[in-house]
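*Asks:* What follows is a protein structure lacking sequence information:
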């Protein structure tokens with residue numbers, strides 16, 4: 001029953017020729033060369049006492065809202081591209097009278113019991129209260145940092161970051177041999193609307209955090225960044241199964257991912273150099289100035305780095321890996337992506353807390369792709385150019 005609306009939508013769309021189709025593969029900005037060279041002994045402080053739990057949407061429990069939501073799901077939004085308006089109107093003339101009643105009935109049947117939703121929310125909030133996110137994050141960070149980096153890390157015992165933050169006197173820490181304080185704060189975690197929104201949406205786990213590096217000698221913040229990491233997605237009630245075991249597991253997994261990301265991006269990568277000198281153009285040979293030909297595996301044409309333009313948020317970069325007919329994002333991609341190759345087309349979705357359905361077509365030389373992206377606000381066009 002939970003997947004009834006999804007199956008209904010597929011069935012209804014087969015009745016018409018028109019189909020109109022959103023946690024952590026991101027890099028943190030690197031440290032500057034000066035900051036990296038003066039890290040010294042690093043005091044670790046993790047914080048979660050202000051962390052709160054949120055749900056971007058809960059399942060619908062009223063059958064009347066379910067009816068309305070069911071119709072909204074099976075009837076596609078009008079296109080924003082003018083040439084598509086007439087075909088859309090013609091298709092809806094035949095499609096809507098059949099699809100709307102089916103969607104209405106399926107929507108009403110797909111609503112969740114209010115008692116089940118309340119029980120699930122109570123289990124999730126109870127699990128959130130029982131988890132010691134501060135200690136989980138601290139353990140994960142120290143373990144990976146001590147294993148992979150040459151730096152010395154020490155735990156700042158019995159110190160909450162807010163106490164440090166309010167006082168700019170770090171001399172006591174510096175006197176104890178701490179050169180730099182790294183503070184990691186989980187600001188919020190929650191379940192965000194995933195690929196399928198509507199009556200009983202698929203909700204993706206999200207963890208939002210910030211990191212600061214503070215110089216102990218004078219209390220100056222030398223690095224600050226806010227970021228988020230996304231995890232698995234599931235339906236609301238399913239997140240609370242077995243005393244919220246899926247939710248508890250995802251909190252642990254994302255804390256591990258946050259720790260690994262910070263260590264790898266800040267303490268294992270080459271520092272960002274400050275370039276002040278003008279380049280010596282005389283030393284550049286004509287051969288160096290020629291563009292290098294792009295190379296790719298013809299059996300994996302979607303594998304590579306793509307610069308994408310268009311869409312509601314402007315340009316972004318996708319780093320993709322194709323395995324057989326499946327394509328997924330890899331480290332360094334601005335967005336997660338999961339899609340399937342069908343001939344010269346790529347169909348699936350990309351995004352983080354909001355996910356975009358995509359239908360791309362690759363060029364014959366595999367250096368460009370064009371296609372559509374669609375979400376609840378409409379359809380837009382995207383263009384990708386291979387970078388490597």
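*Replies:* Yes, it's here. Every value quoted in this text rests on a predicted model; they were computed, and no experiment measured them. Numbering: from 1, shown residues only.

*Asks:* Report the beta-bridge partner residues of the residue nearest to residue 154 when sequence neighbours are not counted.
*Replies:* For residue 154, ignoring the flanking residues on the chain, the nearest one in space by C-beta to C-beta, 6 or more residues apart in numbering is residue 43 at 5.5 Å. Just so you know, the C-beta spots here come from the backbone N, C-alpha and C atoms, and that holds for glycine as well. Partner residues in beta bridges with residue 43, using DSSP bridges, are residue 154, residue 181.

*Asks:* Enumerate every residue touching residue 43.
*Replies:* With contact set as C-beta atoms under 8 Å, 6 or more residues apart in numbering, residue 43 has these partners: 153-156, 173, 178, 180-182, 216.

*Asks:* right, and the pair among the residues you listed with maximum separation?
*Replies:* 155 and 216 (14.7 Å; C-beta to C-beta).

*Asks:* Just the buried ones from the contacts of residue 43?
*Replies:* If you count burial by 16 or more other C-beta atoms under 10 Å, the buried members of the contacts of residue 43 come out as 153, 156, 173, 178, 180-182, 216.

*Asks:* So residue 120 is in contact with residue 240, correct?
*Replies:* Yes. Judged on C-beta atoms under 8 Å, residue 120 makes contact with residue 240 at a distance of 3.7 Å.

*Asks:* Can you name the secondary structure element that comes next after the strand ranked longest in the chain?
*Replies:* Across the chain, the longest stretch assigned as strand under DSSP state E is strand 220-235. For strand 220-235, the following helix or strand on the C-terminal side (DSSP states H and E) is helix 236-239.

*Asks:* For the helix or strand that that following helix is followed by, buried residues please.
*Replies:* Towards the C-terminus, the helix or strand next in line after helix 236-239, according to DSSP H and E, is helix 241-262. By neighbour count, with 16+ other C-beta under 10 Å as the criterion, the buried positions of helix 241-262 are 244, 246-248, 250-251, 253-262.

*Asks:* for the protein, what spans make up the helices?
*Replies:* In order along the chain, the chain carries the following helices (DSSP state H): 4-13, 33-37, 63-74, 85-109, 114-130, 133-148, 161-166, 171-175, 236-239, 241-262, 286-289.

*Asks:* And those helices, which one averages the lowest pLDDT?
*Replies:* In terms of average pLDDT, helix 4-13 trails the rest of these, at a mean of 44.

*Asks:* Return the backbone torsion pair for the closest residue to residue 386 other than its chain neighbours.
*Replies:* Distance criterion C-beta to C-beta, 6+ apart; nearest residue to residue 386, sequence neighbours excluded, is residue 367 at 4.7 Å. Here the main-chain torsion angles of residue 367 (degrees, to the nearest 10) amount to phi -110, psi -10.

*Asks:* so what's residue 367 scoring on pLDDT?
*Replies:* Note for residue 367: predicted pLDDT of 88.

*Asks:* Could you chop this protein up by domain?
*Replies:* According to automatic domain parsing, the chain is divided into the following domains: 1-21+63-111, 32-61+114-267, 294-386.

*Asks:* Tell me the helices and strands packed up against the longest strand of the chain.
*Replies:* Using 3 or more C-beta pairs under 8 Å, 6 or more residues apart in numbering; DSSP states H and E as the contact criterion, the secondary-structure elements in contact with strand 220-235 are strand 180-193, strand 202-215, helix 241-262.

*Asks:* Fine, thanks again, bye for now.
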